[in-house]
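Colleague: predicted model and sequence follow; I will ask about them next.
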Amino acid sequence: MSSPCPTKPKAITMPRYNPADVEPKWQRYWEQNETFKAPEMPEGEKLYVLDMFPYPSGEGLHVGHPEGYTATDITCRFERMRGKSVLHPMGFDAFGLPAEEYAIKTNTPPRISTEKNIATFTRQLKMLGFSYDWSRVLATTDVDYFRWTQWIFTVLFDTWFDHDQQKGRPISELPIPDEVRAEGDTAIRHFQDDHRLAFQSDALVNWCPKLGTVLANEEVIDGKSERGGYPVERRPLRQWMLRITEYAGRLEQDLEGLDWSDSIKRMQREWIGRSSGAEVDFFIGAQSSATDSDRASTAFESWKSDRATSGFPRKPGDDVLRIYTTRPDTLFGATYMVIAPEHPFVDRLTVADQKSAVKSYCEQAAAKSDLDRTELAKDKTGVFTGSYAINPVNGEEVPIWVADYVLISYGTGAIMAVPAHDTRDFEFAQHFNIPVIAVVDPGELEDVDRAAVLAGTECCTEQGTAVNSGDYNGLTTAAFKQKIGNDLATQGTGKRATNYKLRDWLFSRQRFWGEPFPILHELDDAGNPTGMIRAVDPEDLPVDLPHLDDYKPHGKPEPPLGKSPDEWLYPVIDGKRYKRETNTMPQWAGSCWYYLRFIDPKNGTAFVDREKERAWMPVDLYIGGAEHAVLHLLYSRFWHKVLFDRGYVSTAEPFQRLVNQGMILGEPQYHITPAVFEANKDVLDKLKLNTLRVESEDKVTYILKNGSGDASTDLSEDQTEKRQGQFYLAGTEIPLTTRADKMSKSRGNVVNPDDIVRQHGADSLRLYEMFMGAFEATKPWSKSGVDGVWKFLNRAWRIIVDENAEELALHASVQEVAATDEQLRVLHKTIKAVTKDIETLGFNTAISRLMEFVNFFTSQSVRPKAVMEQFVLLLSPFAPHLGEELWELLGHGTTLAYEPWPVCDESYLVESTIEIPVQVLGKLRGKVQVAPDISKEDLIAAAKADDKVQPWLEGKTIIKEIVVPGRLVNFVVKEPAN
RNA sequence: GCCAGAGUGGCGGAAUUGGCAGACGCGCUGGAUUCAAAAUCCAGUGGCCGCAAGGUCGUGUGGGUUCAAGUCCCACCUCUGGUACCA
């Protein structure tokens, strides 16, 4: 491939396209002229275009980053030229585990290494010529920034969720029940603390000893930490939680109005996991006399009549086991109950004989990590408590079991088991020989053995018609659900209920590199915590991180901030001594609201100015990777809704349109299987080929390489051959598979953007990433693809610049003359297509159209200057440096960034004749040239008259003539009847 | 297992949402230029049959609807994401 720096010294510098000169020149120009500085308030129509800001890792920018950033940059440059007021900022998400791990690895304080990484990222981003308003840059680690992150936390702390209004309100407006008020101030404060959106809890949490911190459910995948893949165990620890579950309903509902892809919406919906059913109370009040069924049934009857008058209580008493079910229509089929091992009733419900069995089962379950629980899912385990509950619909006694397939954190932590119609219950019942009673007749269905289902030997979860269900027999599942919902409510034994899979957000981490909580724990005179907490006053924010000599994790749950100097750790306010909260916030905190700060990044009195917020929000286009589909996007929507409820922001949702860029994979590589590798070691040796062993998800393959170590390269195409659809190593019988994988060091397929810019320039990198394929599709990298767009930029350069001149000068063909009709048609076709494609993010096809334009004008000996100017404007969002350089050369003194975008004049598109394909029986047989406005009849006549078509019509009867105006003609014919 | 999305030349990928399959790019072949090469320019390039004109087959597999299917329907195969006891 040619290089922008010729190897041979030249006598005269020919004005070749040299991005190494052109690109820094224009980057300097934009910076010095503040070309892309956004106004404080939008002027005219506003457009807020946001990239998911990067995590500045020590590795530097990855080729995946510029993909989304180029897409937004093209959109912004395009819309500025169309006159919109564009806000397009960039920043850094710099707190969190990876940065801290990197700091530890390189033995640098996190702040220092973070600043270094940010500097590298900034250099790389600027090198790519993105039109960010750099005056708004921020990092979540800036003290000025996290001051407001802490402030938002105090808002969460000050908010409770009013279920009636479905809205977050100030804690001062929380109604205090009289009985609480009667107990005094301390009780009131505890009551308030129990209702705050930010609260402390002692629940079981995911503790990762290797990372030295707890993790949110979302950060644990298959029982291992999302970052690092380390084992995670369950431990009870006092932690800060955010009540995101209160917003589950709104987070789900409000998805509807968003312009997001269906798949992301679906992922969020599934994560929130709404289900509706009923809560039902099973009577257990007569425990002591469970063996005496007479007394039990008397107690049950009196409980039932009490309930009929008192109704279904908000909180279940000790005399009932409350369960949640989505199938209340199967109540008659409940043959046993299950409570989670962590259920508070376990002890009470366990009879003396079963005590030791239950105890050891629960201990075992507690020791199991989530991973173990999942892995053992195939075999259901459990143990009988020895006691029974009474089914409210038929008074039957139902045995109560403890089993870990029931989760304490979902629903009520207890279920009624209906083995006939629930797969998990069925497996359990089979294993423990528990009766199976069918209560739903599925009818005749494919893949369902109706007789087996009714006999209780097969499980069926389909809906159907009720059987074995007393008065309800014959009802359809839907009607049954409806009726029993009402009946349970009148009897006071149950009520309709909605549940969500979403859990509250575990918000504290035991690491150093995060935002300190703006929370103070009151101490008594002896220095012990009183249990009273308060938020730091807004005017005392920020709470900066103290200097610590040793901030490394030590595998124990005490946060490093616990070792802070006393003057930081023990503030005294109004004579009262406090201890600061020593947990820090998770990485997600800073990214929850950065889009708001960009609107007003320097504001020292508010997190964002209200007027500015109203003017710029919501984000009109938000682009980033799909890996944030649930976590970041759910968290920030939650924070935004709280801020909205409290009146601090004006929109219910932050990101109106979301688009996910597809992942860029490494260049395809040739693999062989372990068996082939073992059998052909000598052949590979002879050919001087090396292999790279890679393991992924317990599959092992070998990647073939030329050379070894860092100098190794992947096999080239001509080292392979394809025979009968199978690739072989050239000249051998060694079968190869070709695969493109995620870029990773271990596969040796990582592409560094710096290298591409050095070889071909930023414009080529940008253009290539946009040309690779559809924006949202996953696509493999290709070295020769970059060469291709580099050649295109050179061709574009050469239709305007005279490469053979001694000085930079216009090509002789570029003249101030009127364009021909054909030239205008090509230009306006290009304008139309490129405009439409940018609007729909179809960048790859837009570039194709620009290539066609250049191909056409390469063959034109006269290139009207006005046409070239329009072309340069069309090209400029994609290759902005080249665009500016050519624009200047065409005689313009200032940037093209605000030149009006070319407008397509349809009248130039009209062609004097068009080509219409003619089919006979759906097969293409000829083409006719006709006037665009030809009548149907004339078109048919022309088609019939065509030389190529005639033989196919000869001797046949035309039974139908199909004409699609402007598109095609099709004759349906048949052999004449003899 | 379940839920999405995808499967088109040697390769990356296009195809007014049912209307000329393979735009554009890479690669390859031939030619021009060159002492030669690189670069550049021009032409060609899905398979098969044919000297050609042309024919014929062709969008993962098998069926179907239609004048017409890459596109719609049914069944299946493969890959990529998501999810995994949520009652």
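Modeller: Right, received. Where do you want to start? Residues are numbered from 1 along each chain as shown, chains lettered A, B, ... in the order given.

Colleague: A:Glu769 contacts A:Glu67, doesn't it?
Modeller: Yes. Under the criterion of Cβ atoms under 8 Å, A:Glu769 makes contact with A:Glu67 at 4.8 Å. To be clear about C-beta, it is placed using only N, CA and C from the backbone, and glycine gets the same treatment.

Colleague: what touches both of those two?
Modeller: Taking Cβ atoms under 8 Å, 6 or more residues apart in numbering as the contact rule, A:Glu769 and A:Glu67 both touch A:Ile664.

Colleague: these two: who's more crowded?
Modeller: More neighbours sit around A:Glu769 than around the other of A:Glu769 and A:Glu67, counting by other Cβ atoms under 10 Å; the figures are 31 against 24.

Colleague: so the more buried one, which of the three states?
Modeller: For A:Glu769, the assignment made with DSSP: H, G, I helix; E, B strand; the rest coil gives helix.

Colleague: check the one 5 residues further on too.
Modeller: Applying three-state DSSP to A:Ala774 yields a three-state assignment of coil.

Colleague: quick one: contacts for it?
Modeller: Residues near A:Ala774 by Cβ under 8 Å, 6+ apart: A:Gly662, A:Gly842, A:Asn844.

Colleague: show me what contacts the nearest residue to A:Asp202 once chain neighbours are set aside?
Modeller: Nearest-residue entry for A:Asp202: A:Arg238, 5.3 Å, with adjacent residues in sequence omitted and distances by Cβ to Cβ, 6 or more residues apart in numbering. In this structure, A:Arg238 makes contact with A:Gln200, A:Ser201, A:Asp202, judged by Cβ under 8 Å, 6+ apart.

Colleague: now the residue nearest to the spatial centre of chain A: how far from A:Arg657?
Modeller: Ranked by distance to the mean C-alpha position of chain A (Cα atoms, centre = their mean), the top residue is A:Ala629 at 1.5 Å. A:Ala629 is 15 Å from A:Arg657, where distance means Cβ to Cβ, to the nearest Å.

Colleague: what's the neighbour count on A:Trp260?
Modeller: By the other Cβ under 10 Å criterion, the neighbourhood of A:Trp260 contains 22 residues.

Colleague: and the closest residue to A:Pro553 other than its chain neighbours, how far is that from A:Pro560?
Modeller: With sequence-adjacent residues excluded and distances taken as Cβ to Cβ, 6+ apart, A:Pro553 is closest to A:Gly212, at 2.5 Å. With the distance defined as Cβ to Cβ, A:Gly212 ends up 9 Å from A:Pro560.

Colleague: return every residue with contacts to both of the two.
Modeller: Counting by Cβ under 8 Å, 6+ apart, the residues touching both A:Gly212 and A:Pro560 are A:Gln510, A:Arg511, A:Pro553.

Colleague: the first one: neighbouring residues, count only.
Modeller: Read it as A:Gln510. Applying the criterion other Cβ under 10 Å, we find 25 residues in the vicinity of A:Gln510.

Colleague: could you check the pLDDT of it?
Modeller: pLDDT, the model's per-residue confidence, is 89 for A:Gln510.

Colleague: ok, it touching A:His554?
Modeller: No. Counting by Cβ under 8 Å, A:Gln510 does not reach A:His554; the two are 9.7 Å apart.

Colleague: overlap in contacts of those two?
Modeller: Residues within reach of A:Gln510 and of A:His554 at once, by Cβ under 8 Å, 6+ apart, are A:Gly212.

Colleague: what's the nearest residue to the residue in the stretch 451-600 of chain A that RNA strand B sits nearest to if we skip its chain neighbours?
Modeller: Here the residue of the stretch 451-600 of chain A nearest RNA strand B is A:Lys501; by Cβ to the nearest atom of the strand that distance is 3.6 Å. Spatial nearest neighbour of A:Lys501, excluding adjacent residues (Cβ to Cβ, 6+ apart): A:Gly273 at 2.7 Å.

Colleague: got the buried residues for the helix or strand hosting A:Glu567?
Modeller: A:Glu567 is part of helix A:566-569, with elements assigned from DSSP states H and E. Taking 16 or more other Cβ atoms under 10 Å as the basis for neighbour counts, the residues of helix A:566-569 that come out buried are A:Trp568.

Colleague: partners of the helix or strand just after it, with directions?
Modeller: Elements were assigned by DSSP H and E; along the chain past helix A:566-569, the next helix or strand is strand A:572-573. Strand A:572-573 has the following strand partners under DSSP bridges: strand A:576-580 (antiparallel).

Colleague: which residues are contacting the partner strand?
Modeller: The list of residues contacting strand A:576-580 from outside it, by Cβ under 8 Å, 6+ apart, reads A:516-517, A:519-523, A:527, A:529, A:534, A:543, A:561, A:564, A:568-572.

Colleague: go again using 7 Å as the cut-off
Modeller: Strand A:576-580 is contacted from outside by A:Leu520, A:His521, A:Glu522, A:Leu523, A:Pro529, A:Trp568, A:Leu569, A:Tyr570, A:Pro571, using Cβ atoms under 7 Å, 6 or more residues apart in numbering.

Colleague: can you give me the buried ones in it?
Modeller: Under the neighbour-count rule (16+ other Cβ under 10 Å), strand A:576-580 has A:Tyr578, A:Lys579, A:Arg580 buried.

Colleague: contacts only, for the residue nearest to A:Lys501.
Modeller: A:Gly273 makes contacts with A:Tyr500, A:Lys501, A:Leu502, as judged by Cβ under 7 Å, 6+ apart.

Colleague: the closest residue to A:Ala139 other than its chain neighbours: neighbour count?
Modeller: Take A:Ala139 and drop its neighbours on the chain: the residue closest to it by Cβ to Cβ, 6+ apart is A:Phe92, 4.2 Å away. Here the number of neighbours of A:Phe92 (other Cβ under 10 Å) works out to 25.

Colleague: quick check, A:Phe92 in contact with A:Ile118.
Modeller: Yes. Between A:Phe92 and A:Ile118 a contact is recorded at 5.2 Å, counting by Cβ atoms under 7 Å.

Colleague: got any residues that touch both of these two?
Modeller: With contacts taken as Cβ under 7 Å, 6+ apart, the residues that reach both A:Phe92 and A:Ile118 are A:Pro56, A:Ala139.

Colleague: flag every residue of the stretch 701-850 of chain A that's near RNA strand B.
Modeller: Proximity of the stretch 701-850 of chain A to RNA strand B, by Cβ under 7 Å from any atom of the strand, involves residues A:717, A:722, A:742, A:771-774, A:777-780, A:782, A:784-785, A:787-789, A:791-792, A:794-795, A:798, A:842, A:844-845, A:847-848.
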